[in-house]
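Undergrad: sequence unknown, structure follows:
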């Protein structure tokens, strides 16, 4: 059974701090990794995708991938109250069109 | 571009009633997906379609049928709704051809009494 695991939280950080979200996956052949953000009552929206080991930065967001350790993380710098949401980690399920989803980590950024 | 659209936004059904959830995308994407999302269960794939005329089962297909009518549209049908099908349903699409990102519609909230 291929799995993606995330700490459900809630993760609570003060405004301006760095929020660190982690995700581990079980399938070693996975090649594509995604972070989605989902506000309450809304649909998931893509924040970052990462395919190679190392860091990928986009504005205040940095995705980190370590395939040897089978984890992917998302750092949010200068966290804002508008970042309060559930963050979903998704991993491609080998050579097909499906993604395996984690259950999400709830983030609360406190003013 | 409207992206991925879903209708209806909200529906209440009685047990045993049938209904079809509609999904359309205007991004010329090849693959389309139906998910359900329940508290504590995350996103679970019901069915997906890699191209017009093809469909495949996901994790939780029982009680559902799908139709990929054309490249744009992918519908989900509940033939005899059950309270266990109360959920939020999301449609998503993916371009393929080098992109694995899935783009989601706004969702349909379904309550089965």
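TA: Okay, I see it. None of these values were measured; they are calculated from a predicted model.
Undergrad: close to chain B: what parts of chain A are there?
TA: A:32, A:34, A:42-46, A:49, A:88, A:90, A:92, A:97-99, A:101-104 (CB under 8 Å from any CB of the partner chain). In this view, the C-beta of every residue, glycine as well, is placed from N, C-alpha and C.
Undergrad: hmm, try it at 6 Å
TA: On the criterion CB under 6 Å from any CB of the partner chain, chain B has as its neighbours in chain A the residues A:32, A:43-44, A:46, A:92, A:97, A:101, A:103.
Undergrad: can you tell me which of the residues you listed are buried?
TA: A:43-44, A:92, A:97, A:101, A:103 (16 or more other CB atoms under 10 Å in any protein chain shown).
Undergrad: how about the helices in chain A?
TA: Along chain A, no segments are classed as helices by DSSP state H.
Undergrad: which residues of it score low on pLDDT?
TA: Counting by pLDDT under 70, chain A has low-confidence residues at A:95.
Undergrad: mind redoing it with 80?
TA: A:1-2, A:93-96 (pLDDT under 80).
Undergrad: now do chain B
TA: Applying pLDDT under 80 to chain B flags the ranges B:1, B:97-98.
Undergrad: distance of the residue most central in space within it from residue A:79?
TA: The residue at the geometric middle of chain B, judged as the C-alpha nearest the mean C-alpha position with CA atoms, centre = their mean, is residue B:34 (2.9 Å). Using CB to CB, to the nearest Å, one gets 33 Å for the distance from residue B:34 to residue A:79.
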